[in-house]
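Asks: quick one: sequence and predicted model below, then my questions.
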Amino acid sequence: MAEEQGDPLAAWTERLLGLGAGISPQDARSFVRDLYTHAQATLDAERAEAEAAREE
């Protein structure tokens, strides 16, 4: 099953693949990984900003 504990992106990759034909598993995986990376960077920046605001 895709929801392997060691692979948090697998379930989202399968979900994307289930939306329709025309996307390769590799492209879906790459998209999900890029999206996850961007979202994580945004969250990290927001946390850093909140931490800086608390320290003021």
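Replies: Done, it's in. Numbers count the residues shown, from 1 in each chain.
Asks: tell me which stretches of the protein form helices.
Replies: For the chain, applying DSSP state H gives helices covering 10-17, 25-55.
Asks: packing partners for the longest one?
Replies: Pointing back at helix 25-55 there. Under the contact criterion of 3 or more Cβ pairs under 8 Å, 6 or more residues apart in numbering; DSSP states H and E, helix 25-55 touches helix 10-17. For glycine as for every other residue, the C-beta is placed from the backbone atoms N, C-alpha and C.
Asks: who's in contact with residue 9?
Replies: Residues in contact with residue 9, defined by Cβ atoms under 8 Å, 6 or more residues apart in numbering, are 29, 32, 33, 36.
Asks: from residue 49, how far out is the spatially most central residue of the chain?
Replies: With distances taken as Cα atoms, centre = their mean, residue 36 lies nearest the centre of the chain, 2.0 Å away. From residue 36 over to residue 49 the distance is 20 Å, taken as Cβ to Cβ, to the nearest Å.
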